[in-house]
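**Student:** Structure, please.
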Amino acid sequence: MTDKSTDTAAPRRPVVVGVRATKQRSAISDLLDTIEEFKSAQDLHDELRKRGEGIGLTTVYRTLQTLADAGTVDVLRTDNGESVYRRCSSGHHHHLVCRSCGFTVEVEGPTVEKWSQSVAESNGFSDVSHTIEIFGTCSQCSAAAR
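**Tutor:** Numbering: from 1, shown residues only. Okay, here's the model as predicted:
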């Protein structure tokens, strides 16, 4: 018996293990692989539409939430409360984010880790987690503003 399939495209990889891979989810995941800055769901949706992807904004939001829940993307809230997303390295880290251009640096903060643990213990807390995002203006944006 011969395979009469004419589909020669590479098989879709799952966006998240246990979640059915779809063309739309794969497109969002692929886009996240190519960007370095945090982007809003609307920005990602706009870029996907420019690339010819027929994908709804609701699907973008749902997929981003699924990826965030699975820990494959980081989500943070900007100064104005908007959620923004980015594929990040594994392991615990923090972000230094430019308010103007979105340039982001992942930083480790052993001092912050020790401080948060100390504050938790001194107040009788255990199983503590935290999120720290630092917003400012990068050197390029500062120079451009002069």
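**Student:** Give me the nearest residue to the residue nearest to the spatial centre of the chain, chain neighbours excluded.
**Tutor:** Central residue of the chain (CA atoms, centre = their mean): Arg86, 2.3 Å from the mean position. Residue nearest to Arg86 in three dimensions, not counting chain neighbours: Phe38, with 4.5 Å by CB to CB, 6 or more residues apart in numbering. (Glycine included, C-beta is placed from N, CA and C.)
**Student:** what about this structure, any weak spots by pLDDT?
**Tutor:** By pLDDT under 70, the low-scoring segments of the chain are 1-20.
**Student:** for it, what spans make up the strands?
**Tutor:** 39-40, 74-77, 83-86, 94-98, 104-107, 133-136 (DSSP state E).
**Student:** I'd like the ones you listed laid out as JSON lines, including distance to Gln24.
**Tutor:** Shown next, in JSON lines, are those (distance: least, CB to CB, whole Å):
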{"stretch": "strand 39-40", "distance to Gln24": "17"}
{"stretch": "strand 74-77", "distance to Gln24": "19"}
{"stretch": "strand 83-86", "distance to Gln24": "15"}
{"stretch": "strand 94-98", "distance to Gln24": "27"}
{"stretch": "strand 104-107", "distance to Gln24": "25"}
{"stretch": "strand 133-136", "distance to Gln24": "28"}
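**Student:** Quick one: closest of those to Gly54.
**Tutor:** Proximity to Gly54 (CB to CB) singles out strand 39-40 among the strands of the chain, at 19.5 Å.
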